[in-house]
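1. Show me how the following folds:
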Amino acid sequence: RAVAEECLSLNDIEELLGLPIIGVIPESKDVLTCTNLGTPIITLGDDNPAAGAYSDMVDRFLGEEKDLRFITPEPVSFFKRFFG
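-> Predicted coordinates for the structure are as follows:
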C-alpha cells in the first residue's frame, strides 16, 4: 500500500493528529497471530521486526532517543505484486 502511495506520509499523520510519531510498526502476520492468541507481540523479542518496533516505541515514549525504523516501504517483489 505504501509503495502504491495509498497511505498518508508520516508528516501528514503528524499534522493531522498534532502529535509527534513515536513509532512505525511494520506490516506483519505475527501481529495478527499474537492478537488472536492473546499474546503481546513484544514477547517475540527484538529479533522480530514488529516486536522490535513496539519495543522501540515504548522506549521513545519513556523518553529515550531512538531513530525510527520502517519509515521507507520495502520493495514488493514481482510475484507478490501479482499473486499476493
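2. Nearest to the spatial middle of this structure, which residue is it?
-> With distances taken as Cα atoms, centre = their mean, the residue of the chain nearest its centroid is Ile25 (1.3 Å).
3. That one - nearest residue in space that isn't next to it in sequence?
-> Excluding the flanking residues, the one nearest Ile25 by Cβ to Cβ, 6 or more residues apart in numbering is Ala53, at 4.9 Å. C-betas here are computed from N, CA, C, even on glycine.
4. which parts of the strand or helix carrying the one you found are buried?
-> Assigned by DSSP states H and E, Ala53 belongs to helix 49-61. For helix 49-61, the neighbour count (16 or more other Cβ atoms under 10 Å) marks 49-57, 60 as buried.
5. now stretch 58-78
-> Neighbour counts using 16+ other Cβ under 10 Å place 60, 70 of stretch 58-78 among the buried residues.
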